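[1] quick one, fold the following:
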Amino acid sequence: MYVDSGIEAVGAVRWGAHFCQFYETADDLIDTLVPYFKAGLDNNERCMWVTARPLRAHEATNALRSAVPDLDGRLSRGQIEIVDHDQWYLTQDGKAGADAVIDGWMRRKNEALDQGYRGFRLTGNTYFLEAQDWDDFAEYEEKVNACFCDQRVIALCSYCTLKCDAGGAMDVVQNHEFALSRRRGAWTMVESASVKRAKEALRQANEALEVRVADRTADLRRALADKDVLLKEVHHRVKNNLQVVAALLQLRAKQFDDPVGREAFAETLRRIKAMSLVHEALYSGDDTSAIDFTAYLRSLAAATAASFGIAGRVKIEVAPMQGCVDLNTAVPLGLAAAEAISNAFKHAFPGDRHGLVRLSFRAPTPTEDGEVIVSDDGIGIIEPRLPHRKGAGLSLAEALARQVGGRLSVQRDGAVGTMWRLTYVGPVGCAKSAFHSNATAECEADLEPITADEQQAVEDHRHPQNPELGVKSVADPTGHVLNVGFMA
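    Below is the predicted model:
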């Protein structure tokens with residue numbers, strides 16, 4: 001985390017920063033340390049200013065008060081301490097050792113955090129150092145680097161250029177992250193060779209990482225594109241295979257005149273078409289995991305109308321709503337809608353009656369259920385159906401609705417017509433077709449009881465009225481089991 005240093009030449013520094021400045025006059029100290037501490041006070045940090053010649057504690061206080069008008073209140077609350085060096089670095093036995101001074105800093109830091117301050121900001125002036133103290137203080141600065149690292153502390157050490165020779169200046173720069181020095185009236189940053197090398201190494205590492213990230217991103221994009229191509233090919237082949245199954249059923253259906261068998265073939269073909277359109281939408285669209293269900297309903301209704309041969313006298317209206325449905329939901333939802341559309345075309349417009357079938361879809365939201373509505377202006381429901389007299393189509397649609405966590409209702413739509421409504425809360429993790437597993441059991445439980453002859457015919461795999469026909473089950477390439485009717 002970075003915080004404002006308050007010094008224009010430095011900008012933001014991270015917590016744990018330990019840097020220094022070279023100064024010549026008291027004005028140099030005021031120029032950097034006043035904004036340095038103002039920024040700390042404004043940031044709700046606890047601060048400590050240890051002074052020495054040429055700027056003593058009372059002078060530093062007056063200088064800071066000009067920038068922080070409420071300084072006296074902050075002093076009395078203990079947010080900032082301004083003391084001379086002899087009250088901090090010196091003891092009764094002489095100069096304090098490195099460990100004792102560092103322990104004092106860390107104790108102030110811990111108190112600051114306990115009192116709710118964001119961190120601890122400090123500075124110390126080394127003007128009091130004598131030549132014989134230099135090696136010990138260099139060791140102290142090295143320990144400070146290790147102790148302050150990753151702590152919520154910012155430390156700025158001040159060194160007078162008049163008391164530093166060339167070797168001493170090199171030691172100072174080496175033991176700090178960087179140094180500030182006034183050059184031609186402006187403060188500039190001086191970094192040690194080790195820091196420069198570390199920054200250069202970091203820059204190179206970042207560049208290498210950016211290249212690796214870019215390469216990896218390109219690889220992932222290519223892999224994603226390849227996956228989309230593969231999924232489109234899979235859906236295309238599934239759709240083609242379903243068309244092959246449908247073509248075979250059509251060929252077999254033409255060989256028989258039995259109306260019951262031909263109707264079973266026709267219903268199965270319409271269900272195959274409903275699933276085929278799902279896969280067609282997946283491979284022809286941009287998204288291989290979901291389809292535009294409104295567009296799907298439009299295609300499904302047109303195909304179903306054509307299969308009944310009533311496209312000319314029954315119009316189809318699809319409400320222009322946007323909403324996508326994933327594959328696991330699209331298959332049962334599409335099959336349920338196919339049953340409703342087929343029932344409308346089959347029963348609502350007897351004879352040469354003309355009419356209208358309306359379709360609408362609304363995707364589920366966190367606050368509203370999803371909805372599929374199929375309504376017509378046909379002859380309407382004559383009378384309510386008893387639960388134990390449900391037809392296979394309605395029972396199948398109810399089982400499909402339960403697969404997507406939904407519920408089904410069928411009722412008269414005003415004076416004429418019928419409204420079929422399926423509401424659902426969204427995918428419930430079931431990827432199987434309604435012709436499989438529990439849905440089949442639920443559907444069978446709702447069907448009218450069959451006769452003993454019919455039961456025996458099913459067990460013998462033959463048509464109850466035409467023994468030459470047998471029951472045939474086919475699985476599509478996605479694993480959906482289709483009861484395709486009676487075949488020779």
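
[2] quick one: average confidence on stretch 337-357?
    Within the predicted structure, the mean pLDDT of stretch 337-357 is 86.

[3] ok, now how distant is the nearest residue to H354 once chain neighbours are set aside from R221?
    With sequence-adjacent residues excluded and distances taken as Cβ to Cβ, 6 or more residues apart in numbering, H354 is closest to R313, at 4.6 Å. Backbone N, C-alpha and C define where each C-beta goes, glycine included. According to Cβ to Cβ, to the nearest Å, R313 and R221 sit 51 Å apart.

[4] neighbour count winner among those two?
    When neighbours are counted by other Cβ atoms under 10 Å, R313 and R221 differ, and R313 comes out ahead with 13 against 10.

[5] need the pLDDT of the more buried one.
    For R313, the model assigns a pLDDT of 85.

[6] now the one 5 residues further on
    You'll see V318 listed with a pLDDT of 88.

[7] follow-up on the earlier one: distance of the residue nearest to H354 from A319?
    Applying Cβ to Cβ, the value for R313 to A319 is 22 Å.

[8] name the spans of the stretch 351-488 of the chain whose pLDDT lies under the cut-off.
    Residues of the stretch 351-488 of the chain that meet the criterion pLDDT under 70 lie in 382-391, 414-415, 426-488.

[9] give the buried residues for the helix or strand that contains E142.
    Counting by DSSP states H and E, the element that carries E142 is helix 134-148. Taking 16 or more other Cβ atoms under 10 Å as the neighbour-count basis, helix 134-148 is seen to contain the buried residues W134, F137, Y140, E141, V144, C147, F148.

[10] out of the residues you listed, which is nearest to G355?
    For these, the closest approach to G355 (Cβ to Cβ) belongs to F148, at 84.1 Å.

[11] close enough to count as contact, that closest one and A155?
    Yes: with contact defined as Cβ atoms under 8 Å, F148 reaches A155; the gap is 5.8 Å.

[12] tell me how many other residues crowd D369.
    Taking other Cβ under 10 Å as the definition, D369 ends up with a neighbour count of 16.

[13] what's the nearest residue to it if we skip its chain neighbours?
    When the adjacent residues along the chain are set aside, D369 lies closest to T423, with 4.6 Å between them (Cβ to Cβ, 6+ apart).

[14] any idea how far the one you found lies from Y159?
    Noted for T423: a distance of 77 Å to Y159, by Cβ to Cβ.

[15] quick one, which of the two is more surrounded?
    Shown here are T423 and Y159; by other Cβ under 10 Å, Y159 has more neighbours (24 against 19).

[16] next helix or strand past the helix or strand encompassing that one?
    The secondary structure element spanning Y159 is strand 153-160 (assigned by DSSP H and E). Using DSSP H and E, the next helix or strand after strand 153-160 towards the C-terminus is helix 166-174.

[17] chain center to that following helix, what's the gap?
    Its chain's C-alpha centre and that of helix 166-174 lie 51 Å apart, by Cα atoms, centre = their mean, to the nearest Å.

[18] can I assume V3 sits in a strand?
    Yes: with DSSP: H, G, I helix; E, B strand; the rest coil as the criterion, V3 is part of a strand.

[19] contact partners for the residue lying closest to it once chain neighbours are set aside?
    Computed as Cβ to Cβ, 6+ apart, the closest residue to V3 that is not its neighbour in sequence is N43, at 5.9 Å. Taking Cβ atoms under 8 Å, 6 or more residues apart in numbering as the definition of contact, the neighbours of N43 are V3, D4, R118, G119.

[20] any quick PyMOL command for the buried ones out of those residues?
    Selecting only the buried members of those in PyMOL, with burial defined as 16+ other Cβ under 10 Å, works like this:
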select buried, resi 3+4+118+119
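
[21] break down the chain into its helices, ranges please.
    Counting by DSSP state H, residue ranges of the helices within the chain are 26-42, 57-65, 71-77, 98-114, 134-148, 166-174, 193-253, 259-284, 293-308, 327-347, 392-403, 437-446, 452-459.
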